[in-house]
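Asks: Sequence first, predicted model second:
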Amino acid sequence: MDVKESENFLFLYYALFYPRDYLEDCENPPVVESCHENDWEQMLVVVKKPEMKTILFETLPHVFDIVYLKDYSADLVVSGVLM
């Protein structure tokens, strides 16, 4: 885990390494990159100060980019999968 801080935000970065990422059926995986070694998953959380409210959550599993964005001033939430 790594934490960086600016005047208005906290940036929390998490990373996880694992040696094997195999499905039960690696002969016919649903996604080409589903069965492999030396995998790395990561996550970024951005927290707004001084309220300490999460405004962004992003994770990057394999080939997808999953984002959750919260705008408290507009009462707006945007989330989804980016490819």
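Replies: Sure, I can see it.
Asks: Please enumerate the strands of the protein.
Replies: Assigned by DSSP state E, the chain shows strands spanning 2-5, 9-21, 36-48, 53-59, 65-71, 76-82.
Asks: so how far is the first one off the chain centroid?
Replies: Shown here is strand 2-5, whose average C-alpha point lies 16 Å from the average C-alpha point of the whole chain (C-alpha atoms, centre = their mean, to the nearest Å).
Asks: pLDDT averaged over that strand, what's the number?
Replies: What strand 2-5 shows for mean pLDDT is 97.
Asks: which one is residue 36 nearest to, not counting chain neighbours?
Replies: Nearest residue to residue 36, sequence neighbours excluded (C-beta to C-beta, 6 or more residues apart in numbering): residue 21, at 5.7 Å. In short, each C-beta sits where N, CA and C put it, glycine included.
Asks: Can you check the pLDDT for that neighbour?
Replies: pLDDT at residue 21 comes out at 79.
Asks: Residue 66 and residue 59 touch, don't they?
Replies: Yes. Residue 66 is within contact range of residue 59, at 5.0 Å (criterion: C-beta atoms under 8 Å).
Asks: where does the residue of the chain positioned farthest from its centre fall, phi/psi-wise?
Replies: Taking C-alpha atoms, centre = their mean as the measure, the residue most remote from the mean C-alpha position of the chain is residue 27, 27.7 Å away. Note on residue 27: its backbone torsions stand at phi -70, psi -30 [degrees, to the nearest 10].
Asks: how near is it to residue 35?
Replies: Residue 27 sits at a distance of 9 Å from residue 35 (criterion: C-beta to C-beta, to the nearest Å).
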